[in-house]
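> Give me a model of this one.
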Amino acid sequence: MLQTRITTKYKLSKLISTSTSAQTPSTSAPEPIRGTLVLKTYDPVSGATLKYETNKAAEVGRLIQILGRLARPMSGLAEKEEGLGDAVEESLEKVEKAVEKVEKIMPMGGNGKKGKKKGKK
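You can find the predicted model right below:
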């Protein structure tokens, strides 16, 4: 059985400084380092290859998270549920109960009075 292959490459590179040579190294800021993630997939059935390259931290984080999720079944581990977690769910239940109590004491909505209408006479 042929499966789709996914390869990743992460590289760090220094940005080229655009400062002039007149500045001394002690006064200039250190050169920033930029990381780039290259994700490549190959499907042997269709022969399609996709390549995605990004240097945005949010995208890198999401892609690594997705790769971890895809790797669990491939490594023989059980798939993890996408729940919020027991502590968070318990907190949500407590908040919902508190909101219900407050709504019983002070019903949401209007107080039955109508205000003056503004507009044409």
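> show me the residues around residue 11 that make contact.
Neighbouring residues of residue 11 by CB atoms under 8 Å, 6 or more residues apart in numbering: 35, 36, 38. Where you see a C-beta, it was placed from the backbone N, CA and C, and this is true even at glycine.
> ok, and the closest non-adjacent residue to the first one?
It refers to residue 35. Nearest residue to residue 35 in three dimensions, chain neighbours excluded: residue 12, at 5.0 Å (CB to CB, 6 or more residues apart in numbering).
> Quick check: which element contains the one you found?
strand 5-14 (DSSP states H and E).
> Using PDB, write out every CA atom in that strand.
This file holds the C-alpha atoms of strand 5-14, laid out as PDB (Å, rounded to 0.1, in the frame of the first residue of the first chain):
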ATOM      1  CA  ARG A   5       5.100  11.100   1.800                       C
ATOM      2  CA  ILE A   6       5.600  14.300   3.700                       C
ATOM      3  CA  THR A   7       9.000  15.800   4.200                       C
ATOM      4  CA  THR A   8       9.900  18.900   6.200                       C
ATOM      5  CA  LYS A   9      13.000  21.100   6.200                       C
ATOM      6  CA  TYR A  10      13.600  23.900   8.700                       C
ATOM      7  CA  LYS A  11      16.500  26.300   8.100                       C
ATOM      8  CA  LEU A  12      17.700  29.300   9.900                       C
ATOM      9  CA  SER A  13      19.400  32.100   8.000                       C
ATOM     10  CA  LYS A  14      20.600  35.600   8.900                       C
END
